[in-house]
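Peer 1: What shape does this take:
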Amino acid sequence: MDKTQTTPDGGDTRRLLSGLPAVDKVLREDGLEAWRGRLRGELLTALAREELTHWRQRLLEGREAQAPDASRVARGVARRAEALLDGGMRPVLNATGVVLHTGLGRARLPQVAVERVARILAANTDVEFVLETGARGRRESRAARLLGLLTGAEAALVCNNNAAAVHLMLRTLCARREVIVSRGQQVEIGGGFRIPDVIRESGARLVEVGCTNRTHLEDYAQAIGPRTAAILRVHPSNYRVIGYTAQPALEDLSALARERGILLLDDLGSGALVDFPGVPEPEPLVGESLAQGADLLSFSGDKLLGGPQAGIVLGRGDLVARLARHPMMRAFRCDKMTLAALEAVLELYAAPGLPTSPVWEACTEERAAARARAGKLLDLVAEHLGLSLRADGWGRRVGLPGGGRLFEVDTEGRTGSGALPEQDLPGAALALQLPRGLEALHRRLRTGRPALVGQLRDDTLFMDVKALRLEDLPMVASLLARVLE
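Peer 2: Prediction:
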């Protein structure tokens, strides 16, 4: 841009830019005294240059009529320093009604897993060391042992996510050969990653069969040729095709694959070790997929399993051994924190009864339990604000100064992250309505410490309790009351 152009107030840009303070002058400002003791000099200098570049751009674009003084620039530098050293990722109170919210870290780990990770981090650990023999070991051996016992798999492997697991299966077993996939199963997962892209990057060649809504066993049979390595079934975790549809049963695909001497790979996506009570269309179980003939299958650790982010591969021992020896496995392997958390979660499945974890509790609870938490939250907010409740029973409300209101309401939550796409989760929430400023209020809640993220729809802010536990409610009530005051 020409620096001699005129600005909206008639002055020239060169004159405005010359009014910007020098970096050294900004760094000498009293407002940066505290930061000089917390940040290395070259880092503080870099932040000062960033802030001056920001102001220079605003002047060039005509958005400022006057250059800032050194004190104002220093305040911007202090804000940048605070954002840089604010403690990293923040704890978030998830009031969106989505249990497995990808943006908020998906599965909330059970306390036993949190404690396990903390204990492992505080010391060295036998992550790749066999204490009995003193020899080097395989880092996921304990998790693999638990997975084998829980599912009946010959062998198991753990990598850092399910996309990596699928890529590793295809790259190891199908590179430079063909992989057959139904057109109705070429899914796109979060972030724009698509099954055709994963197959292409693995070095395999995609062969499409069938139609979007109907694929028959004969379609697969006709597509098998001398270059075919495998049939890949992809479970459509994040959508459903309903109506006039058809897909072959896994047992039939397995029989065809065995007859033709090729592999059957099954990408289960969300993955479930046991059925969720009350779900009308449950996810296919991992153990059932193996029993029906899948040679290898993969699924995520941080979805229905309720564990940390991980990709889990189960199936034939000879095939898992080939994946474990592939050079890419080192790039995809998990660290000790992930494995410690995964082991703890798998132990919950090994105990009698259903697993006790935040994901299971949220996905299987009845509406009455959610209503009880929403009611408790309303009581706490009203107590903080010194306001009285109106009406008895469900649907109580609090009138707010200035014409707003806070009231109980039933909601339908979601599992999220592509899991159980058609399953509504009966829940409850506090709904907040204000004559003005609702969006700004939500922003204040989102940027607080801890952050509180609700769901803003039209003129109402919903604080859904589906993914909130009883121990979260006092903090949620305190944050709500603070911004409402």
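Peer 1: Which residue ranges of the stretch 351-485 of the chain form helices?
Peer 2: 358-364, 367-385, 438-446, 473-484 (DSSP state H, counting those that start in this stretch).
Peer 1: same check, this time on the stretch 151-300 of the chain
Peer 2: So, for the stretch 151-300 of the chain - with DSSP H, counting those that start in this stretch - the helices run 162-174, 195-201, 217-223, 250-260, 286-291.
Peer 1: Show the model's pLDDT score for T6.
Peer 2: For T6, the pLDDT comes out at 46.
Peer 1: before we move on, what about A249?
Peer 2: 94.
Peer 1: contact partners of stretch 213-227?
Peer 2: 177-178, 180, 182-185, 205, 207, 209-210, 231, 241, 243-248, 252-253, 256, 260, 262 (Cβ atoms under 8 Å, 6 or more residues apart in numbering). Every residue, glycine included, has its C-beta placed from N, CA and C.
Peer 1: buried subset of the residues you listed?
Peer 2: Buried subset of the contacts of stretch 213-227 (neighbour count, 16 or more other Cβ atoms under 10 Å): 177-178, 180, 182, 184-185, 205, 207, 209-210, 231, 247-248, 253, 256, 262.
Peer 1: which of the helices of the stretch 151-300 of the chain sits most buried?
Peer 2: helix 162-174 (a mean of 24; mean count of other Cβ atoms under 10 Å).
Peer 1: ok, for L430, nearest residue in space, not its chain neighbours?
Peer 2: Leaving aside its sequence neighbours, L430 sits nearest to M463 (Cβ to Cβ, 6 or more residues apart in numbering; 4.5 Å).
Peer 1: any idea how far the residue nearest to D424 when sequence neighbours are not counted is from N94?
Peer 2: For D424, ignoring the flanking residues on the chain, the nearest one in space by Cβ to Cβ, 6+ apart is E412 at 4.1 Å. To N94, E412 is 16 Å away according to Cβ to Cβ, to the nearest Å.
Peer 1: Compare those two and say which one has the larger neighbour count.
Peer 2: Using other Cβ atoms under 10 Å as the criterion, E412 and N94 rank with N94 on top: 26 against 13.
Peer 1: So the more buried one sits against L468, correct?
Peer 2: Yes: with contact defined as Cβ atoms under 8 Å, N94 counts as touching L468 (6.8 Å).
Peer 1: The residue nearest to L480 when sequence neighbours are not counted: what's it in contact with?
Peer 2: For L480, ignoring the flanking residues on the chain, the nearest one in space by Cβ to Cβ, 6+ apart is V381 at 5.2 Å. Contact partners of V381, counting by Cβ under 8 Å, 6+ apart, are V398, L406, L430, A477, L480, A481, L484.
Peer 1: tally of neighbours for L470?
Peer 2: Around L470 there are 12 residues (other Cβ under 10 Å).
Peer 1: so what's it up against?
Peer 2: R373, K376.
Peer 1: State the distance from it to E154.
Peer 2: For L470, the distance to E154 - Cβ to Cβ - is 42 Å.
Peer 1: got the contact list for L206?
Peer 2: Going by Cβ under 8 Å, 6+ apart, the list of residues near L206 reads E178, V179, V181, P196, I199, R200.
Peer 1: ok, the third one touching I199?
Peer 2: Yes: V181 sits in contact with I199 when judged by Cβ under 8 Å, with a separation of 7.3 Å.
Peer 1: Would you mind identifying the helix or strand in the chain with the lowest mean pLDDT?
Peer 2: In the chain, no helix or strand scores lower on mean pLDDT, DSSP states H and E than strand 188-189, which sits at a mean of 74.
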